[in-house]
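Peer 1: Pasted the sequence and its predicted model underneath.
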Amino acid sequence: LLAAGSAAASMGRVPVPEQPNPPAGGGGRSGYHDFYIQYDAANKRDVFYGAGAGGYVVYDVSDLSNPKLLTSVTGMSGITRGHTFQVDPTGRYGVLESEYQYAPLRIVDLKPGLDGTVKTISRPIGAWNADWRDLSHNFAVRWPYVFTSAYEDGLQVMNMMDPTNPYT
């Protein structure tokens, strides 16, 4: 427990993955841009979903002193840095954002990685954008909807009931 009046306290540290292609001169940022934590009721664990320089990672953080990497999303075409990463209530389907013009929100199936079938997920199963010339910025998943803010497009709502064929 944190002592009353404490300004800040560290309860644990989630490892930051290696940046696969750091910029020359070391000018690139490392760490997480956004992260999301959700309770996985089926497996009785707390799960961290982080987006940043190394791509997207999923950690079991039930024991804050010993986070365990469950899977990752790396090497995906068109993504050099993760921005935002959230999942559906089951933790199976992830929604990824990379924040650059023309970039759609990508949907991935995390099951092969969580099952240990593959080391990392590298291909989306679905993608969505309100307008291909613009970009979505932040979003919130409230199954089966994804509420998305965009610079030029305002608030958009995507239905991902079928994650391979999301629609506005």
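Peer 2: All right, it came through fine. The structure displayed is predicted, hence computed values, not measured ones.
Peer 1: can you list contacts of stretch 74-86?
Peer 2: 17, 20-21, 33-36, 49-56, 73, 94-99, 103, 106, 120-124, 138-141 (Cβ atoms under 8 Å, 6 or more residues apart in numbering). Placement of C-beta: from N, CA and C, glycine included.
Peer 1: Go again with 7 Å.
Peer 2: Stretch 74-86 is contacted from outside by 20-21, 33-34, 36, 49-56, 94-99, 103, 120, 122-124, 138-139, 141, using Cβ atoms under 7 Å, 6 or more residues apart in numbering.
Peer 1: quick one: contacts for N129?
Peer 2: N129 touches 104-105, 136, counting by Cβ under 7 Å, 6+ apart.
Peer 1: Give me the neighbour count for K44.
Peer 2: The number of residues packed near K44 is 8, by other Cβ atoms under 10 Å.
Peer 1: before we move on, could you check phi and psi at it?
Peer 2: With angles defined as degrees, to the nearest 10, K44 sits at phi 50, psi 60.
Peer 1: Begin at 22 from now on, thanks
Peer 2: Will do, 22 is the new start, and the previous item becomes K65.
Peer 1: Model confidence score at it, please.
Peer 2: pLDDT, K65: 97.
Peer 1: How about it, nearest residue that isn't a chain neighbour?
Peer 2: Leaving aside its chain neighbours, K65 sits nearest to S83 (8.0 Å; criterion: Cβ to Cβ, 6 or more residues apart in numbering).
Peer 1: I'd guessed the one you found sits against R66; true?
Peer 2: Yes: assessed by Cβ atoms under 7 Å, S83 is found in contact with R66 at 4.5 Å.
Peer 1: Angles on the backbone of L135, please.
Peer 2: phi -70, psi -30.
Peer 1: and the contacts of stretch 95-107, which are buried?
Peer 2: The neighbour count (16 or more other Cβ atoms under 10 Å) marks 54-55, 57, 70-77, 115-120, 124, 143, 145, 160, 162 as buried among those.
Peer 1: right, and A124 touches L156 too?
Peer 2: Yes: taking contacts as Cβ under 7 Å, A124 lies within contact range of L156: 5.5 Å.
Peer 1: looking at this, the residue nearest to K65 is in a helix?
Peer 2: No: checked against DSSP: H, G, I helix; E, B strand; the rest coil, S83 lies outside a helix; its state is coil.
Peer 1: Local confidence estimate at it?
Peer 2: 97.
Peer 1: Number of residues surrounding it?
Peer 2: Count around S83 with other Cβ under 10 Å applied: 16.
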